[in-house]
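Colleague: let's see this in three dimensions:
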Amino acid sequence: MKNFTLHDLPKEERPRERLKKVGVDNLSLAELLALVIERGKRGENVLTIAQNLISHFGNLAKIKEATIEELCQVKGIGFATACKLKAAFKLGEKAQVSSTKYGQKIQSAKDVFKLLKNDLGDKKKEHFKVLSLDSRNNLIGVDDVSIGTINANLVHPREVFKTAIQHLAATVVIAHNHPSGDPEPSEDDIEITKRLVEAGKLIGIDILDHIIIAKDNFFSFKNKRII
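Modeller: Numbering: from 1, shown residues only. Next up is the predicted model:
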């Protein structure tokens with residue numbers, strides 16, 4: 001059976017022509033996804049497959065967080081298309097980092113929350129990040145050093161300070177998310193923070209704060225005088 005492409009749609013309905021006519025900001029989510037997917041399968045055009053994707057996951061955030069295996073469970077999405085979708089989301093993340101993060105002055109825990117909430121707020125697993133700062137607290141690096149389970153993240157001091165040393169950081173802020181939505185630190189969070197602070201003192205790179213990020217709020221170890 002023939003695979004349906006964008007060209008099999010009526011010209012006025014094709015996302016590319018629509019993008020040219022009305023601009024990318026006026027395309028629907030299904031049209032944007034269709035541009036990435038490109039080809040239909042099993043008698044369904046790409047817009048139908050894009051809508052299948054939206055219906056299956058419910059929203060764009062969940063599509064972004066889906067694994068390749070989970071994406072392939074959607075009718076019309078094969079391995080190659082799933083890889084394209086994952087790559088498109090990652091390019092968006094990298095563009096955001098490059099254009100809005102580096103060089104920003106980090107003056108408070110709220111600055112860190114604003115910086116990372118869109119990236120970490122909807123993650124299904126805990127991600128541990130290191131923000132490297134220069135001597136004036138300007139951001140010079142944002143790195144993932146660990147990805148954990150749904151409710152746990154194990155990180156070693158060498159992973160944290162390796163990236164800081166590579167960036168020639170004067171100080172760092174560490175951050176991770178709580179997928180549960182509750183930013184309160186666990187006993188493990190407190191213990192790991194103490195270990196990292198002590199390691200930083202030995203290396204000569206101070207940890208200014210540890211921020212735990214939930215979807216709508218955050219917890220600052222510095223604000224609570226734990227650091």
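Colleague: can I get the CA coordinates of the longest helix seen in the chain in PDB?
Modeller: What stands out as the longest helix in the chain, according to DSSP state H, is helix 79-100. The C-alpha trace of helix 79-100 is given here as PDB (Å, rounded to 0.1, in the frame of the first residue of the first chain):
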ATOM      1  CA  PHE A  79      11.400   3.800  14.500                       C
ATOM      2  CA  ALA A  80      12.800   6.400  12.000                       C
ATOM      3  CA  THR A  81      10.000   8.800  12.700                       C
ATOM      4  CA  ALA A  82      10.300   8.400  16.400                       C
ATOM      5  CA  CYS A  83      14.100   9.300  16.100                       C
ATOM      6  CA  LYS A  84      13.200  12.400  14.100                       C
ATOM      7  CA  LEU A  85      10.800  13.500  16.700                       C
ATOM      8  CA  LYS A  86      13.300  13.000  19.500                       C
ATOM      9  CA  ALA A  87      15.900  14.900  17.500                       C
ATOM     10  CA  ALA A  88      13.500  17.800  16.800                       C
ATOM     11  CA  PHE A  89      12.800  18.200  20.500                       C
ATOM     12  CA  LYS A  90      16.400  18.100  21.500                       C
ATOM     13  CA  LEU A  91      17.300  20.700  18.900                       C
ATOM     14  CA  GLY A  92      14.700  22.900  20.400                       C
ATOM     15  CA  GLU A  93      16.200  22.500  23.800                       C
ATOM     16  CA  LYS A  94      19.700  23.300  22.500                       C
ATOM     17  CA  ALA A  95      18.500  26.400  20.700                       C
ATOM     18  CA  GLN A  96      16.800  27.600  23.900                       C
ATOM     19  CA  VAL A  97      20.000  27.100  25.900                       C
ATOM     20  CA  SER A  98      22.200  28.800  23.400                       C
ATOM     21  CA  SER A  99      19.900  31.900  22.900                       C
ATOM     22  CA  THR A 100      18.600  32.600  26.400                       C
END
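Colleague: what's the angle from the following helix or strand past it to helix 79-100?
Modeller: Per DSSP states H and E, the first helix or strand lying C-terminal to helix 79-100 is helix 109-120. Interaxial angle, helix 109-120 versus helix 79-100 (axes from the mean of the first three to the mean of the last three C-alpha atoms, to 10 degrees): 160 degrees.
Colleague: buried ones in helix 109-120?
Modeller: Ala109, Asp111, Val112, Phe113, Leu115, Leu116, Lys117, Asp119, Leu120 (16 or more other C-beta atoms under 10 Å). Where you see a C-beta, it was placed from the backbone N, CA and C, and this is true even at glycine.
Colleague: relative to Ile147, which of these is nearest.
Modeller: Comparing the buried residues of helix 109-120 against Ile147 with C-beta to C-beta places Leu120 closest, at 11.2 Å.
Colleague: picking up where we left off before, among the buried residues of helix 109-120, which pair sits farthest apart?
Modeller: Greatest spatial distance in these: Ala109 and Asp119, 16.0 Å, computed using C-beta to C-beta.
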